[in-house]
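Trainee: please find the sequence and the predicted model below.
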Protein chains: 2
Amino acid sequence: MPYFDAASAAPLHPVARQALLAALDEGWADPARLYREGRRARLLLDAAREAAAQEVGCRPDELVFTPSGTRALHDGIAGALAGRRRVGRHLVVSAVEHSAVLHSAEALQADGGSVTEVAVDRAGRVGPGAFTAALRPDTALAVLQSANHEVGTEQPVAEVAGACRAADVPLLVDAAQSLGWGPVAGGWSLLTASAHKWGGPSGVGLLAVRKGVRFAARGPADERESGRAPGFPDLPAVVAAAASLRAVRQEAAAEGARLRALVERIRSRVPQLVPDVEVVGDPVRRLPHLVTFSCLYVDGETLLHALDRAGFSVSSGSSCTSSTLKPSHVLRAMGVLSEGNVRVSLPWGTPAEDVERFLEVLPATVRSVREQLGAPTGTAPASAGTTPERVVDSLGKRCPIPVIELAKVIGDVPVGGLITVLSDDEAARLDIPAWCAMRDQEYVGERPAERGVAYTVRRRA
Amino acid sequence: MPYFDAASAAPLHPVARQALLAALDEGWADPARLYREGRRARLLLDAAREAAAQEVGCRPDELVFTPSGTRALHDGIAGALAGRRRVGRHLVVSAVEHSAVLHSAEALQADGGSVTEVAVDRAGRVGPGAFTAALRPDTALAVLQSANHEVGTEQPVAEVAGACRAADVPLLVDAAQSLGWGPVAGGWSLLTASAHKWGGPSGVGLLAVRKGVRFAARGPADERESGRAPGFPDLPAVVAAAASLRAVRQEAAAEGARLRALVERIRSRVPQLVPDVEVVGDPVRRLPHLVTFSCLYVDGETLLHALDRAGFSVSSGSSCTSSTLKPSHVLRAMGVLSEGNVRVSLPWGTPAEDVERFLEVLPATVRSVREQLGAPTGTAPASAGTTPERVVDSLGKRCPIPVIELAKVIGDVPVGGLITVLSDDEAARLDIPAWCAMRDQEYVGERPAERGVAYTVRRRA
């Protein structure tokens, strides 16, 4: 059964499994203790730290193990901000960072600090110039991912790191999605990662803090992990994480090239096989194993369930698949279509046949979801239209219904006529302009309505 | 090879191992995802929560899994304090809590809050009356362990919980050492525990917060674990933790009685076999598997290494075995001898033969350490003594040397004469009075000296 959500969690790598089993026997004791079981645990911990540091590209004493990538980000950002509190309380992040970064930024704001979110282009890529421009004399920290977790776009880390260095601002790189593929180039100051993204076990994150970077760990004092990650370490998991990182790195070049070709095939074939699809993310500067596309007139959750029944596990940034009923902040920041969103992220070793089968199954699956929703077929409004202006009340209706309703009535107005859609669905803000771009209609704009928001479109063709 | 440090970390229980292996295959995916691997993970997580909650004695939705017992304490205390910030910023703890509690208390004080540490008796037990008296109108939280991790003494949790309830103060019970043996009785408000203390894997703590208890999680927002434990859950470890908790509980009554008898044998035999030993902790109201004693004129670290060479892994609260060069805060709070301290905590299934062999090996091991240190033999000063007053300069010398030097010269002064020991070793403050009590000499007191502290003893016999 093909599992295509490695960006969320990869299945355990065989080397990780083997290392974990060995360490369950050898590494359950407290590495801080003086007796033989403790010394054995300490040796394992030291060896794991050394191996992981080598792959990260830092000194072992710069690296600590945390309970997750999220904790590495929370504690890394908080510690770096506290270490530079005298400089200021300003934080620079890109708009497409992981939620753990954005939630850390919110916590800073709630505590009186300030945050600049640097915008990205339609490919999800931050401009080095824009990022540099956001640095201020009171900037305590800048955070940038090595590559985006939802659309795979690689960020210009080396250039941004250079700019940060010139401005004397430490840069934290969130390498969660890329570390298995290779070290992060450029002069970063802090780096975080998450083992279960590269086939390591869950329960292990990495936090590297370069010597000389001011860092003041928050929260109660603790002796473990240089005082930067409190609590008894999960040593078997740490050992497995380090062993599997080393193992995937040895395969990274070959496996990366292989998966890159499979992803390229998805990128090129999906728009040919499925009408009204937008493939998003940078087509070249991207992770090897990840591709994201959105399908017009499709309900993301229904599509996920349909693909699941067909045997494919994928994830989605559509609003209807999240508890918040908001489209993914990444898609929002990129300004791309969010409905019917599908992220495919291939685990190490995915057979080409699985990808081919996915391409076979996808068109009928999307078609069936569209039929269920009564989505319009064809691309152009057929009728001439006589009513100069129409209002469509889509209040209370969720993505993709407001867009479907818009598409259905666009032919009712003549060319030059206006359709206003009333919607209280967050996705409409993204998907109505995206629909206009795909259908070559003019998006006039939005304004607050008595209930919800009024989105206005002018028929152009 | 007998491992006698279960209170630090117990070897993995066979049920934990089995559950962990199964969950590595079934539970590596994100339980928040909609596809089959995610749903399977969610089922495992829900089942683990239900099983653990049943053993804790709470509702499943009151229980979250944290990355360690330390994190459960840090985050539980911080959340409970924040939830009651309007009431006040006063925290009550016992003086013998785990360092994670005391470090949390220090963090509160550093942040402008106040803390009352409730003293314990010589057995390490807190008085319910003293604890109750410490509660104030502005007390936000009280913390009490169910049983002490260093000396095994059970605390009067039910009585303290009643008093806290009457005062409308939530009580957090640190059940790390006892949860494997049984649920915590009494009306606690919050409870924490650590899986690797009962034979579960490392990487799992428990935090239970009763409905109705005000709680405001600190740090950046996160959707996992009711917002109380951020980051991707370590599901295989969580599953193993819950399964092993259930398993050890089924054996708890029988195994507890068996280990209690073994510990009782250590408690009674060690003072018969080894001269000048103080067995500490409550002899009756105690954990079944844990006993602690201190050996006069013995260097804890040397003793640990000697026992390790003889095949026994134990821990110690002596100052020379810690990086801080301070005796354990528990022994200090109890006011008992700290030198040559040995904690024996038997894992589930410890064979009686291992304990017998320990009793065989211990006397010669202690004797050999004492010989190495040139410790005095015999108990009473033989000589009559002619110098009325003597000063012993032990500056720069570590435990147990100041006490050995004191013992060597006590016979130089006549009965009624004074010996003053100059020492800059933290352990001397505890061990010189303890020596006086064991040797029936009079401890006069301490005063600051030009360097270190001057401890004065009057020869009584």
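Mentor: Good, I have the coordinates.

Trainee: got phi/psi on A:Gln158?
Mentor: Let me fix one detail, which is that residue A:158 is Ala and not Gln. For A:Ala158, the backbone dihedrals are phi -60, psi -40 (criterion: degrees, to the nearest 10).

Trainee: for the closest residue to A:Arg398 other than its chain neighbours, what are its contacts?
Mentor: Leaving out its chain neighbours, the residue that sits closest to A:Arg398 by CB to CB, 6 or more residues apart in numbering or on different chains is A:Asp425, at 5.3 Å. The way it works is simple: take the backbone N, C-alpha and C, and place the C-beta from them, glycine included. Taking CB atoms under 8 Å, 6 or more residues apart in numbering or on different chains, we find A:Asp425 in contact with A:319, A:325, A:394, A:397-399, A:401-402, A:452.

Trainee: same check, this time on A:Leu81
Mentor: In this structure, A:Leu81 makes contact with A:89, A:91, A:108, A:113, A:140-141, judged by CB under 8 Å, 6+ apart.

Trainee: and if we set it to 10 Å?
Mentor: With contacts defined as CB atoms under 10 Å, 6 or more residues apart in numbering or on different chains, the neighbours of A:Leu81 are A:87-91, A:104-105, A:107-108, A:111, A:113, A:140-141, A:170, A:172, A:214-216, A:218.

Trainee: now do A:Leu21
Mentor: By CB under 10 Å, 6+ apart, the contact list for A:Leu21 reads A:236, A:240, B:17, B:20-21, B:24.

Trainee: inside strands: which ones of the contacts of A:Leu81?
Mentor: Among these, the members falling in strands are A:90-91, A:140-141, A:172 (criterion: DSSP state E).

Trainee: ok, so of the residues you listed, who is nearest A:Leu45?
Mentor: Nearest to A:Leu45 out of the ones in strands among the contacts of A:Leu81 is A:Leu172 (CB to CB; 24.1 Å).

Trainee: number of residues surrounding that closest one?
Mentor: Residues lying near A:Leu172 (other CB atoms under 10 Å in any protein chain shown) number 32.

Trainee: buried ones only from the ones in strands among the contacts of A:Leu81, please, as a ChimeraX command.
Mentor: When burial is assessed using 16 or more other CB atoms under 10 Å in any protein chain shown, the buried subset of the ones in strands among the contacts of A:Leu81 is captured in ChimeraX by this command:
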select /A:90,91,140,141,172
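
Trainee: what about A:Ala364, how many neighbours?
Mentor: The criterion is other CB under 10 Å. On that basis, A:Ala364 has 13 neighbouring residues.

Trainee: what about the helices in the stretch 201-350 of chain A?
Mentor: For the stretch 201-350 of chain A, the helices defined by DSSP state H, counting those that start in this stretch cover A:235-273, A:300-309, A:329-334.

Trainee: which stretch among those comes nearest chain B?
Mentor: Set against chain B and scored by CB to the nearest CB, these come closest in helix A:300-309, at 4.6 Å.

Trainee: just the helices in the stretch 51-200 of chain A please.
Mentor: Assigned helices in the stretch 51-200 of chain A, in chain order: A:69-83, A:99-110, A:128-134, A:157-167 (criterion: DSSP H, counting those that start in this stretch).

Trainee: scratch that, the stretch 351-461 of chain A
Mentor: Listed from the start of the chain, the stretch 351-461 of chain A has helices (DSSP H, counting those that start in this stretch) covering A:352-372, A:401-409, A:428-439.

Trainee: dump those to JSON lines, plus mean pLDDT.
Mentor: Shown next, in JSON lines, are the helices of the stretch 351-461 of chain A (pLDDT from 0 to 100):
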{"stretch": "helix A:352-372", "mean pLDDT": "97"}
{"stretch": "helix A:401-409", "mean pLDDT": "94"}
{"stretch": "helix A:428-439", "mean pLDDT": "93"}
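
Trainee: distance to chain B for those - can I get that in a markdown table?
Mentor: Below are those laid out as a markdown table (distance: least, CB to the nearest CB, whole Å):
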| stretch | distance to chain B |
| --- | --- |
| helix A:352-372 | 13 |
| helix A:401-409 | 20 |
| helix A:428-439 | 21 |
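
Trainee: ok, which of these comes nearest B:Arg258?
Mentor: The closest approach between B:Arg258 and any of the helices of the stretch 351-461 of chain A, judged by CB to CB, belongs to helix A:352-372 at 53.9 Å.

Trainee: roughly how far is that closest one from the heart of the chain?
Mentor: Centroid displacement of helix A:352-372 relative to its chain, using CA atoms, centre = their mean, to the nearest Å, is 24 Å.

Trainee: and the residue nearest the centre of chain A?
Mentor: When chain A is reduced to its mean C-alpha position, the closest residue under CA atoms, centre = their mean turns out to be A:His149, at 2.4 Å.
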